[in-house]
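> mind looking at a prediction? Sequence and model below.
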Amino acid sequence: MKLREFGTTGKKLSALGIGTWEIGTDINKNIESIKYALDNGINFIDTAEMYGTEPIVAKAIKGYRRSDIFIATKVWPDHFDHDSVIKACNGSLKKLETNYIDLYQLHWPSKTVPINETMKAMEELIDEGKVHYIGISNFSVDQTKEAIESMKKYEIVSNQVEYSLVTRDIEISGLYDFCRDTKIAVIAYSPLSHGKIFSKIEMIDELEKIGTSYNATASQMALAWLMNRDNVFPIPKASNKEHMKENISSADIKIKPEDMKKMDKMEAKYYQ
């Protein structure tokens with residue numbers, strides 16, 4: 001599994017992470033899938049208090065050395081006031097059955113609680129050793145700048161946003177360039193755009209044609225496209241071991257520049 005530096009943390013994370021949003025109702029299969037990933041080089045798991053999957057992650061990582069796994073979770077905007085952030089973090093620690101969270105993220109921007117108040121609590125959690133790094137999720141360029149300006153001691157190390165071959169809003173808005181230039185890691189959720197890439201037969205045919213020389217499927221090429229971009233960590237969900245195995249294979253694909261150019265044009269070509 002390819003490792004790459006995660007933002008400004010100095011940490012080396014697997015280029016591919018494990019997403020746990022709506023991973024399925026079969027908990028045993030979910031746990032088996034996560035364990036398979038950990039056994040095959042993935043060291044990055046993303047969850048959230050809102051997902052309800054923190055206890056599943058806790059069960060899946062039993063028996064592994066905690067320091068070998070980078071766990072990211074999120075606090076919901078309803079809990080963004082100072083005391084609620086602290087309470088939510090303690091709740092996530094209990095559900096994850098761990099004494100620290102590697103990356104604690106603000107799940108969405110709040111329309112009611114000032115970012116300064118939220119970040120004050122987040123920085124206190126780092127001081128207490130309960131959190132190692134602070135991230136944000138679904139923040140625009142301006143909101144990211146505001147979050148950065150609200151920090152007193154520490155840095156924003158990541159922004160988790162929807163990003164895929166056919167969902168390119170962060171490129172249009174300038175968020176991708178901003179994060180790249182400021183070394184904020186981009187965690188790409190829904191990297192297959194909820195299956196949207198499979199809705200255009202012509203696009204699948206082209207992806208499969210490109211994938212022939214890499215011995216890769218269309219979905220593997222779509223994931224590889226993200227991992228061949230600067231500073232991007234896709235976190236596809238994989239509710240079973242078979243899907244996880246297919247996803248893991250995509251991390252080793254080094255796409256040729258000419259093929260990257262073809263893939264770069266696909267959204268405009270097929271989704272106008």
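Yes, it's here.
> my guess is M151 contacts K120, does it?
No - judged on C-beta atoms under 8 Å, M151 makes no contact with K120 at a distance of 9.6 Å. Backbone N, C-alpha and C define where each C-beta goes, glycine included.
> for this protein, which helix is longest?
helix 82-96 (DSSP state H).
> in its sheet, what does the next helix or strand after that helix sit against?
For helix 82-96, the following helix or strand on the C-terminal side (DSSP states H and E) is strand 101-106. The strands beside strand 101-106 in its sheet (DSSP bridges) come out as strand 70-75 (parallel), strand 131-137 (parallel).
> using JSON lines, lay out the ones you listed together with mean pLDDT.
Output for the strands paired with strand 101-106, formatted as JSON lines (pLDDT from 0 to 100):
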{"stretch": "strand 70-75", "mean pLDDT": "98"}
{"stretch": "strand 131-137", "mean pLDDT": "98"}
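> who does the spatially most central residue of the chain bridge with?
Centroid-nearest residue in the chain: I187, 3.5 Å away (criterion: C-alpha atoms, centre = their mean). Under the criterion DSSP bridges, I187 forms beta bridges with Q160, F233.
> tell me the contacts of it?
Residues in contact with I187, defined by C-beta atoms under 8 Å, 6 or more residues apart in numbering, are G17, D46, A72, G135, S137, S158, N159, Q160, V161, F233, I235.
> in JSON lines: those, plus neighbour count and distance to S173.
Below are the contacts of I187 laid out as JSON lines (neighbours: other C-beta atoms under 10 Å; distance: C-beta to C-beta, whole Å):
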{"residue": "G17", "neighbour count": "26", "distance to S173": "23"}
{"residue": "D46", "neighbour count": "27", "distance to S173": "22"}
{"residue": "A72", "neighbour count": "27", "distance to S173": "23"}
{"residue": "G135", "neighbour count": "28", "distance to S173": "18"}
{"residue": "S137", "neighbour count": "21", "distance to S173": "15"}
{"residue": "S158", "neighbour count": "25", "distance to S173": "17"}
{"residue": "N159", "neighbour count": "28", "distance to S173": "12"}
{"residue": "Q160", "neighbour count": "27", "distance to S173": "15"}
{"residue": "V161", "neighbour count": "23", "distance to S173": "10"}
{"residue": "F233", "neighbour count": "24", "distance to S173": "19"}
{"residue": "I235", "neighbour count": "25", "distance to S173": "20"}
